[in-house]
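Asker: Build the 3D model from these lines:
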Amino acid sequence: MRTSTALWAFVLFLLSALLMALSLGAGSQGWEWPSQMLAVGDAVQAQILWDIRLPRSLGAWLAGALLGLAGAVAQGLFRNPLADPYLLGSASGASLGVSVYMGAWGGSLTATGWATRLGMTGAAFAGAVLAVLLTLMLARGVHQTLRVLLAGVVVGVVLGAVTSLATLLHPEALLAMQGFLLGSTAFVGWSASLTMGLALLLCLVLALAMARVLDALALGEATARSLGMPLGTARVVLIAVLSLATGAAVAQTGLIAFVGLAAPHAVRSRVHTTHAGLLLLSTLMGGLLLLAADLLARSAVPAQELPVGVFTAVLGGGYLLWRMRAAQQGAQS
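Answerer: Model prediction:
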């Protein structure tokens, strides 16, 4: 690993730890030092800190890390800087899987049980894989980037409509799906954090194992084949990583936009590294971005919490517009 990559990884980890400490003190009554909450000796305050705020903050970081990793994988696999975790309709597929699970088995975002959370993750993963397979069937592979983009849009719209229909057939899931579509970390507990942590570990290991293939693909598919890279196997593994990472994050926090798109761009604007470094730094950057957005969502309006998906859309969209403007000015000059 290059020195700059290791240094930036340390900086991002340090910033994440700082935000984690700040988020532990953020509550409906304002902000206070977590040490003061524990010093009071109140069992209720300690339970709020350890059983509500800590797993929520950790879960927000893990969800952002999953989306950041998925975004870096998508952009490297399709050689498109505008690719994001939702490119192949995987978000719509994951939403469909979760809505079907809620309607058929009574799952809920507020559930804290391990079995329920694992079932929601499995349903989201199955839906995401279904969406990816449909997209690739329509696009006839991943060779034509424009065809893949168009197929992903079509699959996303169709599955989104099916999700709406499934919600109408099960009105009891309507309120939960509304919160799901806005994106929220309010109901993330220890079981959800553990589920996302295991998914992140597996996805990161598999993605790093394919980092050299992504490096070769950046030089062109013909070059990658001439170097003897196993492109067929790599595509299957990377699409599975993309689906699992997206499905795990979406199942626990709902639809949160722009994190997976903005995190790799933020890394590339500061660090020139191989895909191994990019995958690691995008994971850390995604966790940092979503944790910061979650802290703002809890603190922006006193005694009221805003959906974190709103903040990521505003902040991520604003950042990308600024980057596009800067790139345009640089090209003109």
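Asker: so how many other residues sit close to the closest residue to residue 147 other than its chain neighbours?
Answerer: Spatial nearest neighbour of residue 147, excluding adjacent residues (C-beta to C-beta, 6 or more residues apart in numbering): residue 139 at 4.4 Å. Yep, even glycine has a C-beta here, placed from its N, CA and C like the rest. The number of residues packed around residue 139, counting by other C-beta atoms under 10 Å, is 21.
Asker: Give me the number of neighbouring residues for residue 221.
Answerer: By other C-beta under 10 Å, 14 other residues sit near residue 221.
Asker: Could you pull up phi and psi at it?
Answerer: Main-chain dihedrals, residue 221, degrees, to the nearest 10: phi -70, psi -40.
Asker: Strands of the protein, start to end?
Answerer: Ranges of strands in the chain, per DSSP state E, are 26-27, 30-31.
Asker: Flag whichever of those has the least confidence on average.
Answerer: Lowest mean pLDDT within those: strand 30-31, a mean of 58.
Asker: Distance from stretch 187-194 to the middle of the chain?
Answerer: The chain centre lies 15 Å from the centre of stretch 187-194; the measure is C-alpha atoms, centre = their mean, to the nearest Å.
Asker: buried ones in it?
Answerer: For stretch 187-194, the neighbour count (16 or more other C-beta atoms under 10 Å) marks 187, 188, 189, 190, 191, 192, 193, 194 as buried.
Asker: Reformat those residues as TSV; add pLDDT.
Answerer: Supplementary listing: those in TSV, determined by pLDDT from 0 to 100:
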residue	pLDDT
187	76
188	84
189	82
190	86
191	83
192	83
193	90
194	90
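Asker: Looking at these, which is nearest residue 151?
Answerer: If you rank these by distance to residue 151 using C-beta to C-beta, residue 192 comes first, at 31.3 Å.
Asker: Surely that closest one touches residue 59?
Answerer: Yes - with contacts counted by C-beta atoms under 8 Å, residue 192 reaches residue 59, the gap being 5.5 Å.
Asker: tell me, what's touching these two both at once?
Answerer: residue 252 (C-beta atoms under 8 Å, 6 or more residues apart in numbering).
Asker: Run through the protein and note the low-pLDDT ranges.
Answerer: Along the chain, segments meeting pLDDT under 70 span 1-3, 27-45, 105-118, 141-146, 170-180, 302-303, 327, 330-333.
Asker: got the contact list for residue 60?
Answerer: Contacts for residue 60 (C-beta under 8 Å, 6+ apart) come out as 23, 185, 188, 253, 287, 290, 291, 293, 294, 308.
Asker: Most neighbours among these, which one?
Answerer: Highest neighbour count within those: residue 290, with 34 neighbours (other C-beta under 10 Å).
Asker: Nearest spatial neighbour of that one, chain-adjacent residues omitted?
Answerer: Nearest residue to residue 290 in three dimensions, chain neighbours excluded: residue 64, at 2.7 Å (C-beta to C-beta, 6+ apart).
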